[in-house]
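S.K.: just a sequence and a predicted model for now, questions to come.
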Amino acid sequence: MIHTAYIALGANLGDPASTVRAAFAALAELPGSRLVRSSSLYRTAPVGITEQPEFVNAAAELATGLEPEALLDALLAVEQTFGRVRAARNGPRTLDLDLLLYDDRQLDLPRLTLPHPRLHLRAFVLQPLAEIAPELQLPGRGSVAAWLPAVANQGIVRL
């Protein structure tokens, strides 16, 4: 069975724009998966630890035969190939891949919560997601587009 998953991409070390573009290609190569759509790249201010470089963010839609935890493992493996080191929460990173949504599943597992618990609160996630799927429904929360006004005060610039 093929499932629809949405992935948030972010990077702020090295050449983040090139990294995010290369990560789109890596997502397209995941086993049993196909990259359906990818957003533009966006420049955003860091959240949490503000003394770090700005981020480049994007979103992708993936058609995948992988189950949620297998997809998470594949995303973590891609991060590692790009040199991701998990030092500080919300700290700088070469690449961050977050599984945002997987069909309309709601999961609360020790290593995976779906939908992503903060996706509706962050412009750097919502704006790229709205570009590729504005009518997408967030389980229990309404459409992606309906949440955009709530994050309008967060700085985000399309590259």
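M.R.: Looks like it came in fine.
S.K.: and the strands in this protein?
M.R.: 3-11, 33-38, 42-44, 55-64, 96-102, 107-109, 112-114, 137-138, 142-143, 156-158 (DSSP state E).
S.K.: right, and those strands - which one's nearest residue 81?
M.R.: Nearest of the strands of the chain to residue 81, taken as C-beta to C-beta: strand 96-102 at 10.9 Å. Placement of C-beta: from N, CA and C, glycine included.
S.K.: what strands line up against the closest one, and which way round?
M.R.: When sheet partners are counted by DSSP bridges, strand 96-102 sits next to strand 3-11 (antiparallel).
S.K.: now the strands of the chain in JSON lines, with mean pLDDT, mean neighbour count and distance to residue 126?
M.R.: Shown next, in JSON lines, are those (pLDDT from 0 to 100; neighbours: other C-beta atoms under 10 Å; distance: least, C-beta to C-beta, whole Å):
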{"stretch": "strand 3-11", "mean pLDDT": "97", "mean neighbour count": "24", "distance to residue 126": "10"}
{"stretch": "strand 33-38", "mean pLDDT": "98", "mean neighbour count": "17", "distance to residue 126": "16"}
{"stretch": "strand 42-44", "mean pLDDT": "96", "mean neighbour count": "20", "distance to residue 126": "10"}
{"stretch": "strand 55-64", "mean pLDDT": "98", "mean neighbour count": "23", "distance to residue 126": "9"}
{"stretch": "strand 96-102", "mean pLDDT": "96", "mean neighbour count": "22", "distance to residue 126": "10"}
{"stretch": "strand 107-109", "mean pLDDT": "95", "mean neighbour count": "10", "distance to residue 126": "21"}
{"stretch": "strand 112-114", "mean pLDDT": "96", "mean neighbour count": "16", "distance to residue 126": "16"}
{"stretch": "strand 137-138", "mean pLDDT": "92", "mean neighbour count": "17", "distance to residue 126": "9"}
{"stretch": "strand 142-143", "mean pLDDT": "92", "mean neighbour count": "12", "distance to residue 126": "10"}
{"stretch": "strand 156-158", "mean pLDDT": "95", "mean neighbour count": "14", "distance to residue 126": "9"}
